[in-house]
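# need a 3D model of the following:
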Amino acid sequence: MSQGLPSLDLDALPPETRAAVAAHLDALSLQARQLDAERAARVHLEAEVQELKARTERLEHLLRELKRARFGKSSEKLDPDQLALSFEDIEIAIGEVREADDRARPEKRQAKEQSGTREGRRALPRDLPRIERVIEPDSLACPCGCGEMVRIGEDVSERLDIVPAELRVLVTIRPRYACPKGRSGVAQAKDPARLIEGGLPTEALIAHIMAAKYCEHLPLYRQWQQFKRRGVALDRSVLADWVGRASFHLTPVVARMAELLKQSGKLFLDETTAPVLDPGRGRTKTGYLWALARDDRPWGGTDPPGVVFHYAPGRGGIHGEKILEGFEGILQVDGYSGYRRLARPERRGGQPLVLAHCWSHARREVIKATPGKGSPVADEL
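Below is the predicted model of the structure:
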């Protein structure tokens, strides 16, 4: 059977040899530590490279989206707010890094607070209510023992606060009065008119629900969840019924808005797809929302801006012709051929319209027709 190697006894070696061996062992230990440090640094650098690669891919994606929004076919349909959504995650990440840096370097945060400079700081409107809170020192006794210190100034800072929407109950009490001798009838004030007769909601609550649904795109089932968290049990079907009844009462208002818009000399019309439930088929079908708008403020117009949306099952020009019944003037549209019927002599609902086509669409067609060697006309566009 083989024997193991004997252990090294440095004390048995000559002093010169022992010093040389010890120095060699120290050198090996230092080299091992350097290798470990290099390995850790390499792992860290590889992680940073992967992170930078992911960020680069994300930025390249955003750049492609920006180019598509600026020069692509659907640029006229891309809302700036939708484009901003692509950049929000980067801005959030930047804010997180800034906060981590402030926490890691307290002296930097303290200097920033003393200088009063913060990113994103804006002057707050003067008409907002101010609630002042004065914070006094724990003690006003002067440390030197001369008595109480005197006020020589103050530092004032403002922060933006919010009071969340508050649910409350409006209690209407209608006392009844009668003749003390029983000789006449009973007197009582009439119940105030309500948008929904005998219903639970006030007009303000209905307006809040509809604004949340159609302006903030908050579906009724999410609003139902919000009410539930606050202890108010309202079925989603009840909310839907309220919205439907309010829509009935708003119909003549919308019709009147459309009439006022069509009294203008210049309007804008555009359509976009909208998924619509198709009962019985288990899926949605494609509908269209038509927007009739006016905004002459950039050109010094005095008419107030406005927009009215119409739903139509299709995109045919006949729908635009119906929407514009009674309007005569200039109509700004895109390059869709369906609008051509509005400029024909046989147009129904008024005189032929003057179509002002979208310059972006015209530019796109010129670029398509540009030869490979280029064109002076296309270069100017």
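# confidence score at residue 49?
On pLDDT, residue 49 comes in at 84.
# are we agreed that it is in a strand?
No: using DSSP: H, G, I helix; E, B strand; the rest coil, the assignment for residue 49 is helix, not a strand.
# endpoints of stretch 353-369, how far apart?
Start and end residues of stretch 353-369 are separated by 29 Å (CA to CA, to the nearest Å).
# just how off-centre is it within its chain?
31 Å (CA atoms, centre = their mean, to the nearest Å).
# likewise for stretch 279-290?
Offset of stretch 279-290 from its chain centre (CA atoms, centre = their mean): 26 Å.
# what comes into contact with it?
269-278, 309-315, 319-320, 323 (CB atoms under 8 Å, 6 or more residues apart in numbering). C-beta: built from backbone N, CA, C; applies to glycine.
# please redo it, this time with the cut-off set to 10 Å
Stretch 279-290 is contacted by residues 269-278, 308-316, 319-320, 322-324 when judged by CB atoms under 10 Å, 6 or more residues apart in numbering.
# taking the residues you listed, please make a PyMOL selection of just the buried ones.
Applied in PyMOL, the following selects the buried portion of the contacts of stretch 279-290 according to 16 or more other CB atoms under 10 Å:
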select buried, resi 269+270+271+308+310+312+315+319+320+323+324
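# so which of the contacts of stretch 279-290 are in helices?
Among the contacts of stretch 279-290, the residues falling in helices (DSSP state H) are 319-320, 322-323.
# any idea which of the residues you listed is closest to residue 303?
Taking CB to CB as the measure, residue 323 is the one of these closest to residue 303, at 18.8 Å.
# I'd say that closest one and residue 293 touch.
No: Residue 323 is beyond contact range of residue 293, at 11.8 Å (criterion: CB atoms under 10 Å).
# what do those two both touch?
269, 308.
# mind jotting down where the strands sit in the stretch 151-300 of the chain?
176-178, 186-188, 266-278, 283-294 (DSSP state E, counting those that start in this stretch).
# need the contact list for residue 164.
Contact analysis of residue 164 by CB under 10 Å, 6+ apart lists residue 230.
# what do you get for the one 10 residues further on?
With contacts defined as CB under 10 Å, 6+ apart, residue 174 is in contact with 188-192.
# include pLDDT when you put the ones in helices among the contacts of stretch 279-290 into TSV, please.
Output for these, formatted as TSV (pLDDT from 0 to 100):
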residue	pLDDT
319	91
320	89
322	92
323	92
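# of all the residues you listed, which comes closest to residue 223?
Lowest distance from residue 223 to the ones in helices among the contacts of stretch 279-290 (CB to CB) belongs to residue 323, with 30.7 Å.
# gap between the nearest residue in space to that closest one that is not next to it in sequence and residue 325?
With sequence-adjacent residues excluded and distances taken as CB to CB, 6 or more residues apart in numbering, residue 323 is closest to residue 310, at 5.1 Å. Using CB to CB, to the nearest Å, we find residue 310 at a distance of 11 Å from residue 325.
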